[in-house]
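Undergrad: Provide a 3D model corresponding to the input given below.
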Amino acid sequence: MEVDSEQFPLGDITDFDTYMDLKPPERGEKAKEVKAKAVVDKSPDKRDYTRRSSEKKNNFFKIIYEKDYKVPQAAEELKIARRTVYDWY
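TA: Numbering: from 1, shown residues only. Prediction:
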């Protein structure tokens, strides 16, 4: 099969202007509505990271060893998440 034969004229294939004239029109895309969000979405599972000072950590160990509190009790007194103090302990 030769491309230059009359069956497959090379000029018709490579002529971009003719191609654009013969090409059917494209379907128009609907404009998407952009909804402005005033509040940034945060998933409820994720929380901001809170950095604890070394002073709070020292207070935690002081409560544990001097007052003989258990870990959950010390966490409650310092208002720190129980999981956090278990990581320290």
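Undergrad: What is the neighbour count of Asn59?
TA: 15 (other C-beta atoms under 10 Å). In this view, the C-beta of every residue, glycine as well, is placed from N, C-alpha and C.
Undergrad: immediately after the helix ranked longest in the chain, which helix or strand?
TA: Counting residues, the longest helix found in the chain (DSSP state H) is helix 54-66. Following helix 54-66 in sequence order, the next helix or strand is helix 71-78 (DSSP states H and E).
Undergrad: which outside residues touch that following helix?
TA: Applying C-beta atoms under 8 Å, 6 or more residues apart in numbering, the contact partners of helix 71-78 are 56, 59-60, 63-64, 67, 69, 81-82, 84-86, 89.
Undergrad: Can you give me the buried ones in it?
TA: 74-75, 78 (16 or more other C-beta atoms under 10 Å).
Undergrad: List just the nearest of these to Glu26.
TA: Comparing the buried residues of helix 71-78 against Glu26 with C-beta to C-beta places Ala75 closest, at 63.1 Å.
Undergrad: Tell me the pLDDT of the closest one.
TA: Model confidence at Ala75, given as pLDDT, is 86.
Undergrad: any idea how far it lies from Ile64?
TA: According to C-beta to C-beta, to the nearest Å, Ala75 and Ile64 sit 10 Å apart.
Undergrad: so where's this protein uncertain?
TA: For the chain, the stretches flagged by pLDDT under 70 are 1-14, 36-49.
Undergrad: go with 80
TA: By pLDDT under 80, the low-scoring segments of the chain are 1-16, 18-25, 27-54, 89.
Undergrad: before we move on, back to that, give me the buried entries from the contacts of helix 71-78.
TA: Using 16+ other C-beta under 10 Å, the buried ones in the contacts of helix 71-78 are 60, 63-64, 69, 84-85.
Undergrad: wait, which of those residues is closest to Lys32?
TA: Distances from Lys32 to the buried ones among the contacts of helix 71-78, taken by C-beta to C-beta, are shortest for Thr84, at 43.4 Å.
Undergrad: Of the buried ones among the contacts of helix 71-78, just say which sits nearest to Lys35.
TA: Lys35 lies nearest to Thr84 out of those, by C-beta to C-beta, at 37.6 Å.
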